[in-house]
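Chemist: Structure for the following, please:
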Amino acid sequence: MNNLNEMLKKIILTAKHCGIPVSDNIAENVAVNYRATNRFGLCRKTPRGFEIEVTYRLIDADEKSCMTVLAHEVLHTCSGCMNHKKLWKSYAEIMNKALGLNITNTSSCVGLGVEDISKVRYIAVCEKCSVQIKRQRMSLLIKHPERYRCRCGGRFAIIPVEDEKQGGK
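Modeler: Sure thing, here's the model as predicted:
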């Protein structure tokens, strides 16, 4: 965790050196969330400034992955950047060049080199192009696939994923 705090300092200094107006009120300690499984990081606005939080899943990740998530969250401290619109993206591009990262508006387990622990319960498969859409919960797509079309125009078929705990039931 000490290493996360050092990475945060480096990212803030790099951003300021690049002329990115990150907040001067970012908590110096990175919080680790032991419950977050689907979110890698969070920038929280508080009365004293901003707090950066990462999932416990990044503790064992490589430095580049941690830096990517931390930099993503630090950029949210810039005025007008609590979203992922044009200004945030322009700052992300500058940081990517400065630090050799791949900061995007969303990160995937594969992109960060972190094991995917999400529990996929349903898969919608396009009957025409075989694209797959995975879902953890019952959704309208899963309930009523006949109402939806793939980008290619194909129809979806639903494949339930067997649950190991329930013995395939």
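Chemist: Apart from its chain neighbours, what residue comes closest to the spatially most central residue of the chain?
Modeler: Closest to where the C-alpha atoms of the chain average out (C-alpha atoms, centre = their mean) is Ser107, at 3.8 Å. Spatial nearest neighbour of Ser107, excluding adjacent residues (C-beta to C-beta, 6 or more residues apart in numbering): Phe40 at 5.5 Å. Quick note: C-beta positions are derived from backbone N, CA and C, even for glycine.
Chemist: doesn't Tyr56 make contact with that neighbour?
Modeler: No. Phe40 is beyond contact range of Tyr56, at 10.5 Å (criterion: C-beta atoms under 8 Å).
Chemist: what's in contact with the one helix or strand Asn96 maps to?
Modeler: Assigned by DSSP states H and E, Asn96 falls within helix 86-99. When contacts are defined by C-beta atoms under 8 Å, 6 or more residues apart in numbering, helix 86-99 is touched by residues 11, 14-15, 17-20, 67, 71-72, 75-76, 78, 80-81, 101-105.
Chemist: Show me which helix runs longest in the protein.
Modeler: helix 2-17 (DSSP state H).
Chemist: Skip ahead from it and say which helix or strand is next.
Modeler: Next along the chain after helix 2-17, taking DSSP H and E as the criterion, comes strand 31-33.
Chemist: on that earlier part again, counting neighbours, go ahead and name the busier of Phe40 and Tyr56.
Modeler: Ranked by neighbour count (other C-beta atoms under 10 Å), Phe40 and Tyr56 place Phe40 first, with 27 against 13.
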